[in-house]
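Peer 1: okay, here's the prediction I keep looking at, along with the sequence it came from:
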Amino acid sequence: MQLTKKKGCIIILVGFILFFVMMCSTGIAMFKFALKEGGEQNKRDSLRKKEELRFDNLPVIKAALVDTNRIKTPFSKKEANVCFMNFGITTLHHRSRRGKNDISDRRYYVTEYATEFTLFKNREIKLLINGKEYVLKSKRIILTDVNYAREKRRAGNIGSIFSTKEKYDEVLFLEGHEKYREEYKITKEQLDEYLKELNVFCSFRDEYDMINCYYFSRFDSKNTPNDCDLFIENYHLKEIVYNVGDTISFKGKIVNNEVVPLY
C-alpha cells in the first residue's frame, strides 16, 4: 500500500516537473519571440526613419513652367498647360480600447496619397530653371509644393478629385442590386455621370496596379489577378493643374544638362 502511494507521489511529482518544464519552455519561447518581434519592429522603424531622412535630404528643383501646349484635364474637363495625377486609397482601420466595463472597437477610415505624381498625357514639358530652358522627360516626379489651400500664388492647383463610391458600385456591378438605386436615392443621371467618370478613372489602369485591380474586380471579376488587395474602401485620383508662369517644385537635380527627377 505504501509502495503504491509512493509510486503515485512520484508520478505526480514527475508530472508536475514536466508541466513546470513545459511552462518554462513556453515562457522562454514566447519571450524570445517577443524579443525577436520587438527587434524586427525596431529594425523596420529604423529603416523607415533612414528612408524618411534620405527622402527629406533629396535636393529640390524649382522651375517656372514655360510650356505653351494646351491639354484638357480628364475630370474637370478644363484647359491647362500641364496636369499631374495623384493616386490615393481609403482603407478601414480598427482600434480596440479596453474600458472599465467593456472593450470598444473603434473603426475609422484613413486616406493616403502616393508620393509620386504622374504626368497626364505622358509628354515632355518645358521648364525654365535659373534662366535656362530645360525639358522634363520623366513620366513621374515627386512634387514638393502643391497649392492645396488654393491660395493666390503661382503653384500647382488642385483640380477635380474623382473617388469611387461603394454604393454606386453596388448598383452598377453587383447582381440583383438594382433595387438599391432607389434605396440609396441615386438618380439615373447621377449613375450615368458616375459611370462616365469611372471609365475615365479606369483608363489609368496601365499607370497604376491598384486601378487595374479595381477594374478587374468590377468589370471582369473572374480574371482578377491573384495579387490584388480588394480590401480597399475607395480609390481616388486627383488632378494637379499648372499653367504658364506657375512654379513647379520637385525632387531632382541637373545632370549633364538634363533634368533628373529623384525618388
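Peer 2: Structure received. Residues are numbered from 1 along each chain as shown.
Peer 1: list the contacts of stretch 54-73.
Peer 2: Here stretch 54-73 makes contact (Cβ atoms under 8 Å, 6 or more residues apart in numbering) with 78-83, 115, 120-121, 123, 125-129, 133-134, 136, 142, 144-145, 159-160, 239, 241-254, 259, 262. No exception for glycine: its C-beta is placed from N, CA and C like everyone else's.
Peer 1: so Asn86 bridges to which residues?
Peer 2: Lys238 (DSSP bridges).
Peer 1: right, and it touches Leu119 too?
Peer 2: No - using Cβ atoms under 8 Å as the test, Asn86 is too far from Leu119 to be in contact (11.2 Å).
Peer 1: pull out the buried positions in stretch 229-248.
Peer 2: Within stretch 229-248, the residues that count as buried by 16 or more other Cβ atoms under 10 Å are 232, 234-244, 246-248.
Peer 1: of the residues you listed, which pair is most distant in space?
Peer 2: Ile232 and Val244 (37.0 Å; Cβ to Cβ).
Peer 1: count of neighbours near Glu124?
Peer 2: Other residues near Glu124 come to 13 when the count uses other Cβ atoms under 10 Å.
Peer 1: just the buried residues of stretch 229-248: which are in strands?
Peer 2: Within the buried residues of stretch 229-248, residues falling in strands by DSSP state E are 234-242, 247-248.
Peer 1: make a markdown table from the residues you listed and add pLDDT and distance to Ser221 to it.
Peer 2: Putting these into a markdown table (pLDDT from 0 to 100; distance: Cβ to Cβ, whole Å) gives the following:
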| residue | pLDDT | distance to Ser221 |
| --- | --- | --- |
| Asn234 | 91 | 18 |
| Tyr235 | 95 | 16 |
| His236 | 96 | 22 |
| Leu237 | 96 | 21 |
| Lys238 | 95 | 27 |
| Glu239 | 95 | 29 |
| Ile240 | 93 | 32 |
| Val241 | 93 | 34 |
| Tyr242 | 94 | 38 |
| Thr247 | 92 | 44 |
| Ile248 | 93 | 40 |
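Peer 1: contacts only, for the closest residue to Ala80 other than its chain neighbours.
Peer 2: Closest residue to Ala80 apart from its sequence neighbours, by Cβ to Cβ, 6 or more residues apart in numbering: Val241 at 4.6 Å. Val241 makes contact with 73, 76, 78, 80, 82-83, 156-159, according to Cβ under 8 Å, 6+ apart.
Peer 1: rerun at 10 Å
Peer 2: Shown in contact with Val241 (Cβ atoms under 10 Å, 6 or more residues apart in numbering): 71, 73, 76, 78-84, 120, 147, 156-160.
Peer 1: Phe120 now?
Peer 2: Counting by Cβ under 10 Å, 6+ apart, Phe120 touches 71-74, 80, 82-85, 159, 204, 207, 239-241.
Peer 1: need phi/psi at it.
Peer 2: Main-chain dihedrals, Phe120, degrees, to the nearest 10: phi -70, psi 140.
Peer 1: tell me the spacing between it and Met85.
Peer 2: The gap separating Phe120 from Met85 is 6 Å, by Cβ to Cβ, to the nearest Å.
Peer 1: joint contacts of those two?
Peer 2: Applying Cβ under 10 Å, 6+ apart, one finds that Phe120 and Met85 are jointly contacted by 73-74, 159, 204, 207, 239-240.
Peer 1: what's the most distant pair in the residues you listed?
Peer 2: Across these, the two lying at the largest distance from each other (Cβ to Cβ) are Gly159 and Glu207, at 16.9 Å.
Peer 1: neighbour count winner among these two?
Peer 2: Per other Cβ under 10 Å, whichever of Gly159 and Glu207 has more neighbours is Gly159, with 20 against 17.
Peer 1: which non-adjacent residue is nearest the more buried one?
Peer 2: Glu239 (3.1 Å).
Peer 1: with Thr118 instead?
Peer 2: Nearest non-adjacent residue to Thr118, counting by Cβ to Cβ, 6+ apart: Met85, 4.8 Å away.
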